[in-house]
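K.L.:
sharing a sequence plus its predicted fold:
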Amino acid sequence: MTDTMSNVPAFYVREAPLHPMPPPAAMTGAIGWLRANLLSTPFNIALTLACVLLLVCRPSSNSSSSMRSGPEPTARPASSLPPVRR
């Protein structure tokens with residue numbers, strides 16, 4: 001059996017190593033960082049979604065309801081302004 005095996009060429013053995021391939025696109029850049037840090041476990045996914053919902057659903061400071069909640073501004077009468085020096 002050894003005699004027959006020694007005559008068979010070994011096509012599956014490499015003589016030189018292959019060049020390394022670049023990492024997959026899903027594991028590099030911003031998407032890779034998001035997957036590794038914010039979406040790595042079910043708990044991290046839930047926290048990330050909760051934070052995004054809080055940021056999206058919170059009322060903005062420019063909304064009309066927040067503008068009406070304060071006291072009405074009053075104009076100062078002209079007599080209460082300090083005199084203009086020239």
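P.N.:
Sure thing, it's come through. Residues are numbered from 1 along each chain as shown.

K.L.:
drop to CA atoms for contacts and neighbour counts, all remaining ones
P.N.:
Will do.

K.L.:
pLDDT below threshold where in the chain?
P.N.:
Confidence mapping of the chain against pLDDT under 70 gives the ranges 1-10, 60-79, 81.

K.L.:
determine the number of other residues adjacent to L54.
P.N.:
11 (other C-alpha atoms under 10 Å).

K.L.:
residues contacting the helix or strand harbouring it, please?
P.N.:
Secondary structure from DSSP states H and E places L54 in helix 42-57. Residues outside helix 42-57 that contact it (C-alpha atoms under 8 Å, 6 or more residues apart in numbering) are 38-39.

K.L.:
extract the C-alpha trace of it and format it as PDB.
P.N.:
Extracted C-alpha coordinates of helix 42-57, given in PDB (Å, rounded to 0.1, in the frame of the first residue of the first chain):
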ATOM      1  CA  PRO A  42     -29.600  40.800  22.800                       C
ATOM      2  CA  PHE A  43     -29.200  43.000  25.900                       C
ATOM      3  CA  ASN A  44     -27.000  45.500  23.900                       C
ATOM      4  CA  ILE A  45     -29.600  45.500  21.100                       C
ATOM      5  CA  ALA A  46     -32.400  46.300  23.500                       C
ATOM      6  CA  LEU A  47     -30.400  49.100  25.200                       C
ATOM      7  CA  THR A  48     -29.500  50.600  21.800                       C
ATOM      8  CA  LEU A  49     -33.100  50.600  20.600                       C
ATOM      9  CA  ALA A  50     -34.300  52.100  23.900                       C
ATOM     10  CA  CYS A  51     -31.800  54.900  23.600                       C
ATOM     11  CA  VAL A  52     -32.600  55.600  20.000                       C
ATOM     12  CA  LEU A  53     -36.300  55.700  20.900                       C
ATOM     13  CA  LEU A  54     -35.700  58.100  23.700                       C
ATOM     14  CA  LEU A  55     -33.700  60.400  21.500                       C
ATOM     15  CA  VAL A  56     -36.300  60.300  18.700                       C
ATOM     16  CA  CYS A  57     -39.500  60.600  20.800                       C
END
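
K.L.:
what are the phi and psi values at M21?
P.N.:
Backbone torsions for M21, taken as degrees, to the nearest 10, come to phi -90, psi 150.
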